[in-house]
Structures are given as C-alpha cells and as structure tokens.
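In: this one's sequence-less:
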C-alpha cells in the first residue's frame, strides 16, 4: 500500500485539528472537516477518522522513541 509523505500527513492533521476548533454549525466548516477526514482516511488506509489520526501521527517524525529524524 502506498503511504502519504509525512509532510502531507502533518498538514492534514493540522488542518483537521484547526477545523475542529471552528463552529461545527457552519456548513462550510462541516464540509471542509468531512473532506479532510476523508482524505486522512484515504492517505492512511483506514476507514475511521480516529484511526486515521493515530496512523498519521505514528508516521510523523519524532513519533517513535528511537526516531532520530530530528537529528541533523
């Protein structure tokens, strides 16, 4: 299975978290949240947004204890 680049996943997680802070009664916000949720699920190969968020965060740099991606 193809996996999205960590930078793409980071952007999607950030957009999802930002949209969650906005007014859910606004139809435009609700539609954008649905779009980002769907894209996260597709990008991570999951069918649930909560699972997609977990999968995306695990692929981000620094997510694992032995990850040295932040060391330059």
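Out: Right, received. Where do you want to start? What you see is a predicted model, and the numbers here were worked out from it, not measured in a lab. Residues are numbered from 1 along each chain as shown.
In: could you find the closest non-adjacent residue to the spatially most central residue of the chain?
Out: The centre of the chain sits closest to residue 13, judged by C-alpha atoms, centre = their mean, with a distance of 3.1 Å. Spatial nearest neighbour of residue 13, chain neighbours left out: residue 56 (5.3 Å); criterion: C-beta to C-beta, 6 or more residues apart in numbering. No exception for glycine: its C-beta is placed from N, CA and C like everyone else's.
In: can you list contacts of the helix or strand harbouring that neighbour?
Out: Using DSSP states H and E, residue 56 maps to helix 49-59. Contact with helix 49-59 is made by 3-4, 6, 9-10, 12-13, 16, 37, 40-41, 43-46, 63-64, as judged by C-beta atoms under 8 Å, 6 or more residues apart in numbering.
In: what about residue 7, how many residues nearby?
Out: Applying other C-beta atoms under 10 Å, we find 10 other residues in the vicinity of residue 7.
In: list the buried residues of stretch 40-57.
Out: 40-41, 43-44, 46, 49, 52-53, 55-56 (16 or more other C-beta atoms under 10 Å).
In: where does residue 25 land in three-state SS?
Out: coil (DSSP: H, G, I helix; E, B strand; the rest coil).
In: whatever helix or strand residue 17 lives in versus helix 49-59: what angle between them?
Out: Secondary structure assignment for residue 17, by DSSP H and E: helix 6-21. Taking axes from the mean of the first three to the mean of the last three C-alpha atoms, to 10 degrees, helix 6-21 and helix 49-59 form an angle of 140 degrees between their directions.
In: chain center to helix 6-21, what's the gap?
Out: Centre-to-centre, helix 6-21 and its host chain are 5 Å apart (C-alpha atoms, centre = their mean, to the nearest Å).
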